[in-house]
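*Asks:* Predicted structure and sequence below. I'll ask about it afterward.
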Amino acid sequence: MTTYTLISRPPKPAPTSQHENGGEEGGPAVVSNGPDDVAIVTFGCRLNAYESEAIRARAAADGLTDAVVFNTCAVTNEAVRQARQAIRKARRERPDARLIVTGCAAQIDPAAFAAMPEVDLVLGNAEKAAPGALMDTSTRVRVNDIMSIRETAGHLIAGLKDRARAYVEVQNGCDHRCTFCIIPYGRGNSRSAPAGEVVDQVRRLSDEGYNEVVLTGVDVTSWGADLPGQPTLGQLVGRILKLVPGLPRLRLSSIDAAEIDVDLFRLLETEPRLMPYLHLSLQAGDNLVLKRMKRRHSREDALKLVASVRAVRPDTAFGADLIAGFPTESDEAFENTLRLVEEAGLAFLHVFPYSARPGTPAARMPAVKGGVIKDRARRLREAGQAGLERHLQRQVGRVLSGLVEREGVARAEDFTEIAFDPALGGAAPQGRIVAFRVTGHDGVRVIAELTA
């Protein structure tokens, strides 16, 4: 259920999910605290959540008061429905507040939100954290052509989700046109932040005391393709690790299995400060479905990648995005995807029941029945749970290095969540890297105690 609050208290950290870049069905809304009585309500991907921090800072800088800002998601119809529902609820509960709608759903279909009598202002993705944009009352809809944007927005390069780790947005947009995906029309074409700016940002965050930085974006592995000389993500990662030697942990958000370059693979093998967790944008485990999705990898490619990484970095854990019930998906095709979970040893699944997005090629393909989609999503989640439990069981008895996220909760290098006695907070403060001995698990996270 979507909630939001009047903000007159210190910020609360956003809830943690298994996947850095998304949430189920476009994600439950999370609340980011703004100044005074301003609330920022965020839907969908983690990138949206990080960008909400820039909106929050801009609201404070511009002096916005008595407002609710909705940073929407368009990945599924359900995500859009949740946003509209939250907007109506906000108007009922705060009849005098200024309601501002932005994000991917607003970018793709601004007219739909402008038609809602509850909405005061609709902003596009390129405008949502621009100086003065939240305060401007000269027009009710301000959404520019996202495809005309050629640079990353400087104010969006860094976003801090909480005090435990920092996030640096190195890339935005996507040049690929998967047949199911509407996001390029909300985010625009791929554009990369210059390497020097990224390194400077990471260095500054490290100097401020952050022990982990996450590189994030819409299609992170495409970083550099639009820059002079077309540098690769691996080259960027290598440059960060070389020029910011004091940073203990560097992590990647969701990556495309078809775009892991030679330098990145070498760093996974040789650089312990690059975290051993890869969340793969797989979407399916059947070759015909992958072809109809217009993905650029095959089932065999995915399995080969996982095996190759594990051969050089055995402690690497893998997660994946998977879509259940893509149009034309047969029983046999679904079984191929289901088997992939165990064959690849996936520990952290993010399952999307297929949702037809108007304007995408997949929306015109023969649909799978809704009940079948629901059942397949359930079976994928069950397979994911089994994979997670296998992964957790392997950790029992091990000593893990954990970054403390909040009281009683830490995150291991391979993204495993660690639960420990919150009474030990003095010995394990937020943001500190601590050694834990794993004593068991509860099916979701490992249970551990601090080592002496």
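*Replies:* It's in. Numbering: from 1, shown residues only.

*Asks:* mind checking how far E449 is from L424?
*Replies:* 8 Å (Cβ to Cβ, to the nearest Å). C-beta here means a position set from N, CA and C on the backbone, and glycine is covered the same way.

*Asks:* typed the wrong thing, it's L400
*Replies:* 15 Å.

*Asks:* now L236
*Replies:* Counting by Cβ to Cβ - L236 and L424 are separated by 37 Å.

*Asks:* Give me the more crowded residue out of these two.
*Replies:* Taking other Cβ atoms under 10 Å, L236 and L424 do not tie; L236 has more neighbours (26 against 15).

*Asks:* and the more buried one, what does it touch?
*Replies:* 170, 195, 198, 215, 223-224 (Cβ atoms under 8 Å, 6 or more residues apart in numbering).

*Asks:* With R266 instead?
*Replies:* So R266 contacts G234 (Cβ under 8 Å, 6+ apart).

*Asks:* Check whether V309 sits in a helix, strand or coil.
*Replies:* What DSSP: H, G, I helix; E, B strand; the rest coil gives for V309 is helix.

*Asks:* That one - nearest residue in space that isn't next to it in sequence?
*Replies:* Residue nearest to V309 in three dimensions, not counting chain neighbours: T316, with 5.2 Å by Cβ to Cβ, 6 or more residues apart in numbering.

*Asks:* how about the contacts of L236 in a markdown table, adding distance to R46?
*Replies:* Shown next, in a markdown table, are the contacts of L236 (distance: Cβ to Cβ, whole Å):
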| residue | distance to R46 |
| --- | --- |
| V170 | 14 |
| A195 | 22 |
| V198 | 18 |
| L215 | 12 |
| W223 | 17 |
| G224 | 21 |
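
*Asks:* Which ones among those map onto strands?
*Replies:* L215 (DSSP state E).

*Asks:* how about the contacts of L236 in JSON lines, adding pLDDT?
*Replies:* Below are the contacts of L236 laid out as JSON lines (pLDDT from 0 to 100):
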{"residue": "V170", "pLDDT": "90"}
{"residue": "A195", "pLDDT": "94"}
{"residue": "V198", "pLDDT": "93"}
{"residue": "L215", "pLDDT": "93"}
{"residue": "W223", "pLDDT": "93"}
{"residue": "G224", "pLDDT": "92"}
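
*Asks:* just the contacts of L236 now: which is nearest I260?
*Replies:* Nearest to I260 out of the contacts of L236 is W223 (Cβ to Cβ; 12.1 Å).

*Asks:* For the helix ranked longest in the chain, buried residues please.
*Replies:* Identified as the longest helix of the chain according to DSSP state H is helix 370-395. Within helix 370-395, the residues scored as buried using 16 or more other Cβ atoms under 10 Å are 373, 376-377, 379-381, 383-384, 387-388, 391-392, 394-395.

*Asks:* export those to JSON lines and tack on pLDDT?
*Replies:* As requested, the buried residues of helix 370-395 are exported to JSON lines (pLDDT from 0 to 100):
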{"residue": "I373", "pLDDT": "97"}
{"residue": "R376", "pLDDT": "98"}
{"residue": "A377", "pLDDT": "97"}
{"residue": "R379", "pLDDT": "98"}
{"residue": "L380", "pLDDT": "98"}
{"residue": "R381", "pLDDT": "97"}
{"residue": "A383", "pLDDT": "97"}
{"residue": "G384", "pLDDT": "97"}
{"residue": "G387", "pLDDT": "97"}
{"residue": "L388", "pLDDT": "97"}
{"residue": "H391", "pLDDT": "98"}
{"residue": "L392", "pLDDT": "98"}
{"residue": "R394", "pLDDT": "97"}
{"residue": "Q395", "pLDDT": "97"}
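
*Asks:* Save those residues as TSV, and put in distance to L278 too.
*Replies:* Output for the buried residues of helix 370-395, formatted as TSV (distance: Cβ to Cβ, whole Å):
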residue	distance to L278
I373	27
R376	24
A377	23
R379	24
L380	19
R381	20
A383	19
G384	16
G387	14
L388	16
H391	14
L392	18
R394	17
Q395	18
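
*Asks:* Would you mind listing the outside residues contacting stretch 308-323?
*Replies:* Counting by Cβ under 8 Å, 6+ apart, 18-19, 22, 180, 254, 265, 268-269, 276-285, 293, 306, 337, 341, 344-354, 380, 391, 413-416 sit against stretch 308-323.

*Asks:* Separate out the buried members of those residues.
*Replies:* 18-19, 22, 180, 254, 265, 268, 276-285, 293, 306, 337, 341, 344-354, 380, 391, 413-416.
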